[in-house]
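Novice: need coordinates for the following:
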Amino acid sequence: MAMAAVFLTSVAAAIRSMSDPHIKKISIELSLSERSIQAAVQLLDGAATLPFIARYRKEATGGLDEVAVAAIRDRLLRLRQIDERRQAILRSLSGRGLLSSQLQENICAAESLSALEDIYLPFRPRRKTRASAARERGLEPLARRIFEGQTVNGLDPEGLAEAFVDGEKGVPSGGEALAGARDIMAEWMSEDAEARRRMRVLFEVQGVLRCTAADRKQDEHIEDAEKFRDYRDYSEPICRASPHRLLAMLRGARLGVLRLHVAPAEDEGLAVLEELFLKGDGPAADQVRQAVEDGYRRLLAPSLENETLAAARARAEEKAIDVFAKNLRQVLLEPPLGHKRILAVDPGYRTGCKLAVLDETGQLLESQVIYPHDRETVTASGRSSKQMSGREEAEKAVREICRRCRIEAIAVGNGTAGRETEQFLRSLNLGEKIPVIMVNESGASVYSTSEIARQEFPHEDATVRGAVSIGRRLMDPLAELVKIEPQAIGVGQYQHDVDGPSLQRALDDVVASCVNLVGVDLNTASQELLARVSGLGPKLAAAVVKYREKHGMFLSRKDLLNVPRLGPRAFEQAAGFLRIRDGKNPLDGTAVHPESYAIAEKMAADLGVSVERLMKEPALREKLEPQRYFTDTAKEATIHDIMEELSRPGRDPRRQFEQFHFAQGVERIEDLKAGMKLPGIVTNVTAFGAFVDIGVHQDGLVHISQLKEGFVRDPADVVAVREKVTVTVLEVDLPRRRISLSMR
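Specialist: Predicted coordinates for the structure are as follows:
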């Protein structure tokens with residue numbers, strides 16, 4: 001036991017020493033300097049966040065941005081997971097007395113998880129197989145003599161087999177003995193590391209993905225089957241299968257309406273194994289050839305098919321997550337209208353339109369319901385056939401609210417009855433000072449029934465909460481959207497089919513990046529928004545809000561250190577991203593980190609002015625010589641950032657808000673005609689094109705080929721979510737409610 005403990009300690013030390021090779025490997029893969037990667041790893045291991053590292057540790061990392069730091073983190077995580085598996089395998093082999101020095105060397109040299117598992121496969125504890133049953137009957141020596149005797153002239157496998165006939169052991173004949181020997185050889189071949197490596201390459205490069213309809217009862221899941229009709233008889237090389245098509249087929253297979261199969265031409269697979277294991281052409285070689293064919297068809301091909309599909313799925317999921325993350329970033333950074341008095345409207349026909357009046361801070365002042373639409377004779381398309389008696393009362397109510405509450409803008413959800421409600425409100429001629437603005441309400445219903453909404457508005461029903469969310473989205477999309485799960489925002493591509501933890505990590509990165517890029521007002525931010533600030537999290541965010549409610553507004557960033565359980569480490573991570581407007585120190589309203597206040601104050605002192613005056617007068621800042629303020633930890637990048645913040649303190653990096661209007665008279669899909677040119681808003685960008693809202697309650701698709709003249713590699717290179725575009729209607733498929741659009 002002492003010897004084993006010493007051995008395992010040396011193994012663990014050997015694996016720990018791999019940290020430097022990891023740095024070198026990541027450096028080569030990402031084309032980044034080893035010094036930058038080493039610094040990023042040390043910061044990540046110290047629990048520093050991506051926004052903090054990218055913003056305030058540029059000197060240490062050589063200016064790595066959040067994308068690069070995230071790539072380092074994710075790659076290092078995978079490499080460390082391989083190391084953990086490597087250590088587990090070494091412990092298992094050592095504990096069973098199977099670990100030789102050569103095997104240990106091979107395991108420590110394996111660079112991928114698949115290579116590691118290939119080495120371990122012959123030693124893995126397993127369930128009973130045909131080969132293990134043959135070994136129990138004493139047939140392994142026969143298998144070895146046949147395999148090693150392929151080139152021996154005159155070797156007679158049938159004659160050899162007669163010596164292994166034993167009825168008591170379950171070997172009643174020579175034929176049974178040979179069959180058992182072939183089972184053993186087939187398993188050897190299927191577990192050979194080099195064979196698996198070469199077959200893996202063959203499947204990945206020459207494998208063909210074939211998709212067919214599954215055998216089902218005619219009345220079973222007809223609707224599901226119809227969605228996948230394009231894949232009922234489909235094939236393409238697996239290496240060229242686009243991510244969105246593969247995820248669609250995998251979804252169909254999971255629903256049981258499709259079957260997937262991946263394999264290269266069988267003769268190609270057999271040729272690889274024959275080259276490795278077939279050494280002659282006599283009777284013994286014929287037995288080996290039969291074992292090759294059985295091993296390929298029964299063991300290797302099914303195993304590599306599953307592995308190839310899993311690898312292809314992982315690549316497709318990575319692309320889908322990337323698409324979702326890019327789209328989510330665009331949505332979260334959508335321009336805010338700002339602090340205005342808002343009348344928020346959640347449209348509806350039968351149940352009426354819910355109105356919520358919000359003050360400049362987003363607080364609910366009052367709510368009511370109006371019925372501007374005909375509840376009795378609404379058609380299937382949503383168009384009213386006559387005015388209902390409640391319209392006059394609705395007009396009166398809206399006018400009175402706008403006057404009494406000094407409304408500055410009206411936010412209308414774009415869901416059911418959205419366009420009709422927009423037209424109703426515009427018909428009131430409230431004046432240019434009260435714009436009517438359509439707001440994307442995706443996920444508002446999720447928020448309205450959430451625990452967060454119930455805590456915010458315990459005495460209001462879900463419809464009022466939904467209206468409030470619509471109004472707040474107009475004021476500040478980021479502050480409101482952080483309250484719901486990103487998956488509910490509706491800008492992804494097969495987001496419900498991908499690996500949950502990977503998706504969550506990527507989306508959390510995006511949300512945190514956006515929140516910290518914009519900055520958070522410490523005295524007005526919700527608990528949910530504060531929770532996304534670097535270094536805080538839900539518990540500390542709750543503690544900050546509780547402290548604020550008890551002690552009043554924060555007057556200084558330093559006051560954060562008085563919050564229970566918020567220590568120096570969390571303060572270091574969070575302080576630079578929190579803003580205090582009109583506080584004691586003007587730097588508290590900027591992105592200058594408290595650790596750099598002394599530098600900014602020295603700049604002002606050198607000019608004989610206050611920091612506040614330095615921030616207001618560009619001529620003063622032009623007199624500064626940045627290099628004079630370099631320190632051991634703050635050099636060119638940090639000083640540049642400080643100068644930028646002094647010139648534009650606390651600026652919002654989001655674009656200016658621009659009002660948008662859909663085309664008048666186009667409210668239903670039935671109103672569309674081929675050739676129409678219409679304004680629209682991009683609602684989703686996928687690998688195959690972009691979806692655009694043109695105001696008819698059904699998004700149209702601009703296929704990748706119709707985004708612009710010429711070749712488009714990635715739709716995200718051409719359009720972004722929430723971008724305002726002009727499109728041409730190409731085709732309208734009313735039965736399937738599909739709209740084809742073009743931007744060419």
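
Novice: how about residue 194: what's its closest non-neighbour residue?
Specialist: In space, and not counting its chain neighbours, residue 194 is closest to residue 276: 6.7 Å by Cβ to Cβ, 6 or more residues apart in numbering. Any C-beta I mention is one placed from the backbone N, CA and C, and that applies to glycine too.

Novice: which residue packs closest to residue 465, ignoring adjacent ones?
Specialist: Nearest in space to residue 465, with sequence neighbours left out and distances taken as Cβ to Cβ, 6+ apart, is residue 448 at 4.0 Å.

Novice: residue 344 too?
Specialist: Nearest to residue 344 is residue 471, by Cβ to Cβ, 6+ apart, at 2.8 Å.

Novice: settle this for me: the one you found is touching residue 411, isn't it.
Specialist: Yes - the criterion here is Cβ atoms under 8 Å, and residue 471 meets it with residue 411 at 4.7 Å.

Novice: hmm, back to that, what residues are up against the residue nearest to residue 194?
Specialist: Taking Cβ atoms under 8 Å, 6 or more residues apart in numbering, we find residue 276 in contact with 189, 192, 194, 195, 198.

Novice: hmm, 10 Å instead?
Specialist: Taking Cβ atoms under 10 Å, 6 or more residues apart in numbering as the criterion, residue 276 is in contact with 189, 192, 194, 195, 198, 199, 292.

Novice: confidence score at it?
Specialist: Looking at residue 276, its pLDDT is 93.

Novice: distance check, it against residue 25.
Specialist: In this view, residue 276 and residue 25 are 29 Å apart by Cβ to Cβ, to the nearest Å.

Novice: look up which residues are beta-bridged to the closest residue to residue 407 other than its chain neighbours.
Specialist: When the adjacent residues along the chain are set aside, residue 407 lies closest to residue 343, with 4.7 Å between them (Cβ to Cβ, 6+ apart). Here residue 343 sits in beta bridges with residue 357, residue 410, going by DSSP bridges.

Novice: name the nearest residue to residue 734, ignoring sequence neighbours.
Specialist: Nearest residue to residue 734, sequence neighbours excluded (Cβ to Cβ, 6+ apart): residue 669, at 6.7 Å.

Novice: domain parsing for the chain?
Specialist: Using automatic domain parsing, the domain parsing of the chain gives 2-123, 130-325, 342-475, 669-742.

Novice: got a markdown table for those, with distance to residue 622 too?
Specialist: Formatted as a markdown table, the domains of the chain follow (distance: least, Cβ to Cβ, whole Å):
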| stretch | distance to residue 622 |
| --- | --- |
| domain 2-123 | 23 |
| domain 130-325 | 40 |
| domain 342-475 | 36 |
| domain 669-742 | 36 |
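
Novice: of these, which is nearest residue 588?
Specialist: Comparing those by their distance to residue 588 (Cβ to Cβ), the top pick is domain 2-123, with 15.7 Å.

Novice: ok now the closest one, how far from the chain's centre?
Specialist: Taking Cα atoms, centre = their mean, to the nearest Å, the mean C-alpha location of domain 2-123 is offset from the chain mean by 23 Å.

Novice: show me the contacts for residue 450.
Specialist: Residue 450 touches 443, 456, 462, 465, 469, 483, 484, 485, 488, counting by Cβ under 10 Å, 6+ apart.

Novice: now whichever strand or helix holds the fifth one: mean pLDDT?
Specialist: Going back to what we said before, that points to residue 469. Applying DSSP states H and E as the criterion places residue 469 in helix 462-475. The average pLDDT for helix 462-475 rounds to 92.

Novice: ok, then the element right after it?
Specialist: helix 477-481.

Novice: ranges for the helices of the stretch 101-250 of the chain?
Specialist: 101-109, 113-120, 130-136, 140-148, 157-162, 174-191, 193-206, 222-227, 243-255 (DSSP state H, counting those that start in this stretch).

Novice: give the buried residues for the longest helix seen in the chain.
Specialist: Selection of the longest helix in the chain by residue count, based on DSSP state H, yields helix 301-332. Using 16 or more other Cβ atoms under 10 Å as the test for burial, helix 301-332 gives 301, 303-305, 307-309, 312-313, 316-332.

Novice: that's a helix at residue 681, yeah?
Specialist: No - going by DSSP: H, G, I helix; E, B strand; the rest coil, the assignment for residue 681 is strand, not a helix.

Novice: in the sheet, who's paired with it?
Specialist: Beta-bridge pairing for residue 681 (DSSP bridges): residue 693, residue 724.

Novice: now do the contacts for it.
Specialist: Under the criterion of Cβ under 10 Å, 6+ apart, the neighbours of residue 681 are 414, 438, 440, 660, 662, 691-695, 699, 721-725.

Novice: out of these, which is nearest to residue 678?
Specialist: residue 694 (4.8 Å).

Novice: contact partners for the closest one?
Specialist: Each residue near residue 694 by Cβ under 10 Å, 6+ apart is listed here: 662-663, 666, 669, 671-672, 676, 678-681, 700, 725-727, 729, 739, 741.
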